[in-house]
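Asks: Got a sequence here, can you model it:
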Amino acid sequence: MALARCANCNAQISTEAMNCLHCGAPIQPNRSKRRRARMIAPAFGSRTKLGLFIASLAILFMFLVLMFAGH
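Replies: Numbers count the residues shown, from 1 in each chain. The predicted model follows:
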């Protein structure tokens, strides 16, 4: 549990709190988790594309080996 400052009264509050315990002001949600999720998503997508590309090359290689192995 980390501490942050209330934008309304400047009191220290938990980052997990929904409202400030001192003045009752609503707390803005922590956006860092959203940023991390956005950063992870593109990397996962590119790894998936890379995996498909490698699998396609492997299938093409096996096909060529089977075609020329018969001659």
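
Asks: all contacts plus neighbour counts: C-alpha atoms, from now on.
Replies: Fine.

Asks: ok, the closest residue to N19 other than its chain neighbours - how many residues close by?
Replies: Leaving aside its sequence neighbours, N19 sits nearest to P26 (C-alpha to C-alpha, 6 or more residues apart in numbering; 4.3 Å). For P26, the neighbour count with other C-alpha atoms under 10 Å is 14.

Asks: what does Q12 give?
Replies: Neighbours of Q12 (other C-alpha under 10 Å): 15.

Asks: Assess the claim that it and R5 are in contact.
Replies: Yes: contact status for Q12 versus R5: in contact at 4.7 Å, counting by C-alpha atoms under 8 Å.

Asks: Which pLDDT does the model give the residue nearest to N19?
Replies: For P26, the pLDDT comes out at 87.

Asks: show me the contacts for it.
Replies: M18, N19, C20 (C-alpha atoms under 8 Å, 6 or more residues apart in numbering).

Asks: what about the strands in this structure?
Replies: 3-5, 12-14 (DSSP state E).

Asks: Looking at neighbours, which among the contacts of P26 is most surrounded?
Replies: That'd be C20 among those, by other C-alpha under 10 Å, with 21 neighbours.

Asks: and the gap between that residue and A2?
Replies: 14 Å (C-alpha to C-alpha, to the nearest Å).

Asks: ditto for A11
Replies: From A11 to A2 the distance is 13 Å (C-alpha to C-alpha).

Asks: The two: which is more packed in?
Replies: Set side by side, A11 and A2 show more neighbours around A11, with 14 against 8, by other C-alpha under 10 Å.

Asks: if I read this right, the more buried one contacts R5, doesn't it?
Replies: Yes: A11 lies in contact with R5 (C-alpha under 8 Å); the separation is 5.4 Å.

Asks: where does the protein have low pLDDT?
Replies: 1, 29-47, 70-71 (pLDDT under 70).

Asks: quick one: the helices in it?
Replies: With DSSP state H as the criterion, the chain has helices at 32-69.

Asks: Contacts only, for Q28.
Replies: M18.
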